[in-house]
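Trainee: Provided below are the primary sequence and the corresponding predicted coordinates.
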Amino acid sequence: MAHVKLHIPGPVEVSEKTFKAFCSPMIGHRGQGFKDLYAKIQPQLQTLLSTKQLVYLSTSSAWGVMEGAIRNLVQKKVLNCMCGAFSDKWLDVSKRCGKDAEGLQVAWGSAIRAEAIDQKLATGQFDAVTVIHNETSTGTMSPLAEIAALKKKYPDVMFIVDSVSSMSAVPLKFDELGIDVLLAGTQKAFALPPGLAVFAASPAALAKAATTKDRGYYFDFVEFQKNAEQSMTPSTPSIGHVYALSSKLDEFMAEGLDNRYARHLKTNRMVRDWAARNEFTLFPDAGFESVTLTCVNNGAKPGGRTTDVAKLQKLMKERGFLIDGGYGKIKGTTFRLSNMGDETEATIAQLIGALDESLKLI
Ligand SMILES: *Cc1c(COP(=O)(O)O)cnc(C)c1O
């Protein structure tokens, strides 16, 4: 069967080159070969995140580390900032870990703002806060710098940030932000196959984790640090992913990170312009639109054109493109188009061409 190209916001399309790297011959994870591989990518990851901290590799999807951060860093009570399906779920996950947790809910499509977090943290009840930088379900990007600035006011609160669908597509300077955990799964903007997560933790987070009970083993941050110091992972990693990540990071560096960020802005602008040209509005509040995907409003909010999303998806699939028909409670009343990963002006022009053709047939 012909391959249908992924333009859903994760997993995204994986290149032949990346798959080739993924299929490198197997090596032992305690041998020099693996240590050399991890030691080679470590400075690249540190450059990507502008950090002096070691960057960890977790063989899991992002949720493993999202849950791990709760288990490692929440002793008192966690504030889960909620603005869409993934961030809403984090409250549920915190509770399932047996933690005292409270949600700070804003309407889907709205961003999380520092002022609202400040009010909550001022109660002194919380020792951790979770934020999703780019809420993929609604295509909304919250202002991370503004939120991270609160860390100075609340130095004892752990700031845990999910950048699953923004890491490597926008600049994220871990040390400068001053936050405690920054994590991402690799099937989004990294354009790797699903199954690997990368994350960094601050010295304060590591110190706190060491004093937290019942943090388990698989996602124990102390184990990750101890092993990363030896260019290893706590348990056997998906070595194919590490090869693929190494290849990808070489591509990032060859392109130049600033060029990579600019490319995402440019391709995203093309998709948004397509939406505007066709009289669609966007779902996120103005000024907080994601730059890695576009969540098109299709009746979820008043205003703008609407179309038959199921039909649009079908017509797009016939043209070789998989697009997303909306997530969770906004399924059908929105649809999403991803421009993250390896997409270029040329490939997004092809997507737009197919969208135009499809719309004419509805
Ligand atoms: C995709 C996604 C997740 C979940 O990732 P898994 O790979 O399913 O664990 C979490 N947060 C955000 C923002 C995402 O986009």
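Mentor: Looks like it arrived, so ask away.
Trainee: what are the bridge partners for residue 282, then?
Mentor: For residue 282, the beta-bridge partners are residue 296 (DSSP bridges).
Trainee: How about the contacts made by it?
Mentor: Listed by C-beta atoms under 8 Å, 6 or more residues apart in numbering, the contact partners of residue 282 are 139, 272, 275, 289, 294-297. Glycine gets a C-beta too; all of them are placed from N, C-alpha and C.
Trainee: right, and out of these, which lies closest to the ligand?
Mentor: Minimum distance to the ligand across these is 10.4 Å, recorded for residue 139 (C-beta to the nearest ligand atom).
Trainee: Show me which residues of the protein are close to the ligand?
Mentor: 10, 61-63, 86, 132, 134, 136, 162, 164-165, 185, 188, 194 (C-beta under 6 Å from any ligand atom).
Trainee: pLDDT check: weakest of these?
Mentor: Across these, the bottom pLDDT score, 95, is held by residue 10.
Trainee: Make JSON lines out of the residues of the chain next to the ligand and add secondary structure.
Mentor: Shown next, in JSON lines, are the residues of the chain next to the ligand (DSSP: H, G, I helix; E, B strand; the rest coil):
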{"residue": "10", "secondary structure": "coil"}
{"residue": "61", "secondary structure": "coil"}
{"residue": "62", "secondary structure": "helix"}
{"residue": "63", "secondary structure": "helix"}
{"residue": "86", "secondary structure": "helix"}
{"residue": "132", "secondary structure": "strand"}
{"residue": "134", "secondary structure": "strand"}
{"residue": "136", "secondary structure": "coil"}
{"residue": "162", "secondary structure": "strand"}
{"residue": "164", "secondary structure": "coil"}
{"residue": "165", "secondary structure": "coil"}
{"residue": "185", "secondary structure": "strand"}
{"residue": "188", "secondary structure": "coil"}
{"residue": "194", "secondary structure": "coil"}
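Trainee: Neighbour count and pLDDT for the contacts of residue 282 - can I get that in a markdown table?
Mentor: Below are the contacts of residue 282 laid out as a markdown table (neighbours: other C-beta atoms under 10 Å; pLDDT from 0 to 100):
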| residue | neighbour count | pLDDT |
| --- | --- | --- |
| 139 | 30 | 98 |
| 272 | 18 | 98 |
| 275 | 21 | 98 |
| 289 | 20 | 98 |
| 294 | 27 | 98 |
| 295 | 30 | 98 |
| 296 | 28 | 98 |
| 297 | 23 | 98 |
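Trainee: So which residues of this structure form helices?
Mentor: With DSSP state H as the criterion, the chain has helices at 16-22, 32-48, 62-73, 85-96, 114-121, 144-148, 174-177, 203-210, 221-228, 239-255, 257-277, 309-318, 345-360.
Trainee: Out of these, indicate the one that is most buried.
Mentor: helix 62-73 (a mean of 25; mean count of other C-beta atoms under 10 Å).
Trainee: Tell me which other helices or strands that one touches.
Mentor: Counting contacts by 3 or more C-beta pairs under 8 Å, 6 or more residues apart in numbering; DSSP states H and E, helix 62-73 packs against strand 55-58, helix 85-96, strand 128-132, strand 158-162, strand 181-185, strand 197-201, helix 203-210, helix 221-228.
Trainee: And the longest one, what does it pack against?
Mentor: Based on contacts counted as 3+ C-beta pairs under 8 Å, 6+ apart, the elements that helix 85-96 packs against are helix 62-73, strand 78-82, strand 101-105, strand 128-132, strand 134-135, strand 158-162.
Trainee: again, but for the last one
Mentor: For helix 221-228, the elements it packs on are strand 55-58, helix 62-73, strand 197-201, helix 203-210, judged by 3+ C-beta pairs under 8 Å, 6+ apart.
Trainee: Distance of the nearest residue to residue 139 once chain neighbours are set aside relative to residue 152?
Mentor: The spatial neighbour of residue 139 that comes closest, neighbours along the chain excluded (C-beta to C-beta, 6 or more residues apart in numbering), is residue 295 at 2.8 Å. As for residue 295, its distance to residue 152 is 32 Å (criterion: C-beta to C-beta, to the nearest Å).
Trainee: likewise residue 251?
Mentor: Between residue 251 and residue 152 the computed distance is 36 Å (C-beta to C-beta).
Trainee: now swap in residue 203 and tell me
Mentor: Going from residue 203 to residue 152 by C-beta to C-beta gives 16 Å.
Trainee: ok, now residue 127?
Mentor: Per C-beta to C-beta, residue 127 is found 16 Å from residue 152.
Trainee: Between those two, point out the one with more neighbours.
Mentor: The neighbour comparison of residue 127 against residue 152 (other C-beta atoms under 10 Å) goes to residue 127, with 19 against 8.
Trainee: Of the helices of the chain, which is nearest residue 5?
Mentor: Closest of those to residue 5 is helix 345-360, at 8.3 Å (criterion: C-beta to C-beta).
Trainee: Show me what counts as buried in stretch 314-330.
Mentor: Buried positions in stretch 314-330, judged by neighbour count with 16 or more other C-beta atoms under 10 Å: 315-316, 319, 321, 323-327, 330.
Trainee: Right, I'll call it a day here.
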